[in-house]
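1. Below are the sequence and a predicted model; questions follow.
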Amino acid sequence: MREMKDSEVEWLGEVPEDWKVEPLWSHFRRSKKVGFPDEALLSVYRDHGVVPKDSRSDNHNVESADLQGYQLVQEGNLVVNKMKAWQGSLSISSIRGIVSPAYYVYTRESGSISDGYIHNLLRCMPYVLSYSLISKGVRVGQWDLQPELFRKTPVLVPPIQEQVKIATYLDKETSQIDTLISKKEQLIEKLLERRQALITQVVTKGLDPNVPMKDSGVESLGMIPASWSVTPLGRVLSSAVVDGPHTTPKFVDEGLPFLSVDAIVDGQLLELHTRLVSPSDFHLFRRKACPQRGDILMGKAASIGKIARVKTDWEFAIWSPLALLKIDKDRADAGFVEFSLKSEPTQFQINSLASANTQQNLSMSKIPALRIALPAKDEQIQAAAYLESRVGDIDTLVEKTRKAIELLKERRQALITQVVTGKIDVRGFADGNS
């Protein structure tokens, strides 16, 4: 058993006796090289490290029209998303490109640090938690990492040969976990595809496969049951479409819930992303847009086309990225309209009507023009109930799979932390055995 010593860093605890503890600045220097607009755009992710921006479909940030001020990243550079460092969004880059001026880029100055080792060390959980202590901001999500404090971050420096062993060991062990995660992520993709296909089938073709069909006259809808009609969304609304305030209110630590489009996750409205505002602001905003049970919320900015129905009596206010749709209960079933808005034909219409500046936006004046296929009211209720059950089963399986992925990620993170801080000794690792 190897000898340990106190690292004299509270959040690191004991470390191997022969490991050094040195400040980050003794190994990395801040770099800011600009004027490379033709280089590939890069992004840094908590789970994926530095990757080409266009390799990910979930990056909705729109780059500047002028890339002259973007910073050059070279292989071996440390790249930090200063607003998400507290989430672990930093990485040693293995590729060349440019990143936003909002990032920090560091060049490695020391030859006593292995890229593979430092990449894992700076992204392990104790370090990530430490970044939240040296980040400042008005609220979570807008915390900036303070560079003058980050440069003082204590870095564990094992002998270089052990660093290489650590990196090699972790590459092998984490790749096995990553393979399991990838398979489960692929399962989720297939389940979500099945979910979307099911919704589209039911809200455009109905539950009876033998009914006569007709051309809807809408390319995205295609053939629909002969007894159905094609209806502009505005005709099934009881009032005009409204949204929340277009100004940024003052957020408070104790107050009333104020939701934006990020509160819609997988078609459900979650309290997870709730911001709080003062009672006076809350009541002011509710006078403009008062969501109630049965209403439908639609993302019209940032993440357009996100749809969720209010299924509880929970009182909250909404921000401008959300549009509020109040369904006329005499004309339509809210559940059927919700599924219709989530279907592929309507999502296609939403994206076709959207405009893009720095981000996609859907004008509220265009929302009532969205066209949906509408059966008789009793058939709507029957179809919505069927989808609630079938989609619910799929969602349950998706949720179980996501929890399994989270457990694998926790296992992966725990392993990395134990190895890069010397709690697991891998000096004897060779030929795939430790």
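-> Alright, I've got the coordinates. Because the structure is predicted, anything quoted here is derived from the model rather than measured. Residues are numbered from 1 along each chain as shown.
2. and G305, which of the three is it?
-> coil (DSSP: H, G, I helix; E, B strand; the rest coil).
3. what's the neighbour count on the residue lying closest to it once chain neighbours are set aside?
-> Distance criterion Cβ to Cβ, 6 or more residues apart in numbering; nearest residue to G305, sequence neighbours excluded, is I350 at 4.4 Å. C-beta: built from backbone N, CA, C; applies to glycine. For I350, the neighbour count with other Cβ atoms under 10 Å is 22.
4. mind listing what I350 touches?
-> 304-305, 362, 370 (Cβ atoms under 8 Å, 6 or more residues apart in numbering).
5. for it, helix, strand, or coil?
-> Recorded secondary structure, I350: helix (three-state DSSP).
6. Can you give me the distance of it to I372?
-> 12 Å (Cβ to Cβ, to the nearest Å).
7. low pLDDT regions in the stretch 201-350 of the chain?
-> Counting by pLDDT under 70, the stretch 201-350 of the chain shows low-confidence ranges at 272-273.
8. Let me see the ranges of the helices in it.
-> 279-288, 334-342, 344-353 (DSSP state H, counting those that start in this stretch).
9. related to what we said a few turns ago, out of the contacts of I350, who's the most crowded?
-> Most surrounded of the contacts of I350: other Cβ under 10 Å gives I304, at 23 neighbours.
10. Deepest in the core, which of the helices of the stretch 201-350 of the chain is it.
-> helix 334-342 (a mean of 25; mean count of other Cβ atoms under 10 Å).
11. Output the contacting helices and strands for that helix.
-> helix 160-205, strand 296-299, strand 307-309, strand 371-374, helix 377-420 (3 or more Cβ pairs under 8 Å, 6 or more residues apart in numbering; DSSP states H and E).
12. Surely D171 and S114 touch.
-> No. With contact defined as Cβ atoms under 8 Å, D171 does not count as touching S114 (11.8 Å).
13. who's more crowded, these two?
-> Neighbour count, other Cβ under 10 Å: between D171 and S114, S114 has more, with 23 against 11.
14. what's the distance between K377 and D330?
-> In terms of Cβ to Cβ, K377 sits 8 Å off from D330.
15. quick one, which of the two is more surrounded?
-> Set K377 next to D330 and count neighbours by other Cβ under 10 Å: K377 wins out with 14 against 8.
16. How about the more buried one, nearest residue that isn't a chain neighbour?
-> Nearest non-adjacent residue to K377, counting by Cβ to Cβ, 6+ apart: D333, 6.4 Å away.
17. show me what contacts the one you found?
-> 327, 377, 380-381, 384.
18. And those, which two are furthest apart?
-> The most widely separated members of the contacts of D333, counting by Cβ to Cβ, are I327 and I381 (12.6 Å).
19. Looking at these two, which has the bigger crowd around it?
-> More crowded of I327 and I381, by other Cβ under 10 Å: I327, with 22 against 15.
20. domain ranges for the protein?
-> 4-158, 160-190+377-434, 207-374 (automatic domain parsing).
21. which residues does D328 contact?
-> Counting by Cβ under 8 Å, 6+ apart, the residues that D328 touches are 236-238.
22. so can I have a markdown table of the helices and strands packed on helix 334-342 showing distance to M213?
-> As requested, the helices and strands packed on helix 334-342 are arranged in a markdown table below (distance: least, Cβ to Cβ, whole Å):
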| stretch | distance to M213 |
| --- | --- |
| helix 160-205 | 8 |
| strand 296-299 | 27 |
| strand 307-309 | 26 |
| strand 371-374 | 11 |
| helix 377-420 | 15 |
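23. Between the ones you listed, which one is closest to S320.
-> strand 296-299 (10.9 Å).
24. starting at the chain centroid, how far to that closest one?
-> Centroid displacement of strand 296-299 relative to its chain, using Cα atoms, centre = their mean, to the nearest Å, is 18 Å.
25. change the start of the numbering to 37 and stick with it
-> All set: I'll call the first residue 37, so the last point we hit is now strand 332-335.
26. Residues touching it, excluding its own?
-> 297, 300, 305, 327, 341-346, 354, 357-361, 363, 370, 373-374, 377, 398, 403.
27. how distant is stretch 179-188 from the center of its chain?
-> That offset, for stretch 179-188, works out to 24 Å (Cα atoms, centre = their mean).
28. For it, output the C-alpha coordinates as PDB.
-> Extracted in PDB, the C-alpha atoms of stretch 179-188 (Å, rounded to 0.1, in the frame of the first residue of the first chain):
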ATOM      1  CA  TRP A 179     -21.600  32.200 -13.600                       C
ATOM      2  CA  ASP A 180     -18.300  33.300 -15.000                       C
ATOM      3  CA  LEU A 181     -15.100  31.500 -14.000                       C
ATOM      4  CA  GLN A 182     -12.700  34.000 -12.500                       C
ATOM      5  CA  PRO A 183      -9.400  33.600 -14.500                       C
ATOM      6  CA  GLU A 184      -7.200  35.100 -11.700                       C
ATOM      7  CA  LEU A 185      -8.500  32.500  -9.300                       C
ATOM      8  CA  PHE A 186      -8.600  29.700 -11.900                       C
ATOM      9  CA  ARG A 187      -4.800  30.100 -12.600                       C
ATOM     10  CA  LYS A 188      -4.200  29.300  -8.900                       C
END
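29. For it, give me every contacting residue.
-> Taking Cβ under 8 Å, 6+ apart as the rule, stretch 179-188 contacts 59-61, 64, 66, 116, 118-119, 121-122, 140, 167-168, 170-173.
30. Now list the buried members of those.
-> For the contacts of stretch 179-188, a neighbour count by 16 or more other Cβ atoms under 10 Å gives the buried set as 60-61, 64, 116, 118-119, 121-122, 140, 167, 170-171.
31. With pLDDT, distance to L228 and secondary structure as new columns, can those be given to me in CSV?
-> As requested, those are exported to CSV (pLDDT from 0 to 100; distance: Cβ to Cβ, whole Å; DSSP: H, G, I helix; E, B strand; the rest coil):
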residue, pLDDT, distance to L228, secondary structure
L60, 97, 41, helix
W61, 96, 45, helix
F64, 96, 40, strand
V116, 96, 32, strand
K118, 92, 32, coil
M119, 90, 29, coil
A121, 92, 30, helix
W122, 91, 29, helix
Y140, 96, 35, strand
Y167, 95, 32, helix
I170, 94, 38, coil
S171, 92, 33, strand
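32. quick one: which of the residues you listed is nearest D317?
-> M119 (24.7 Å).
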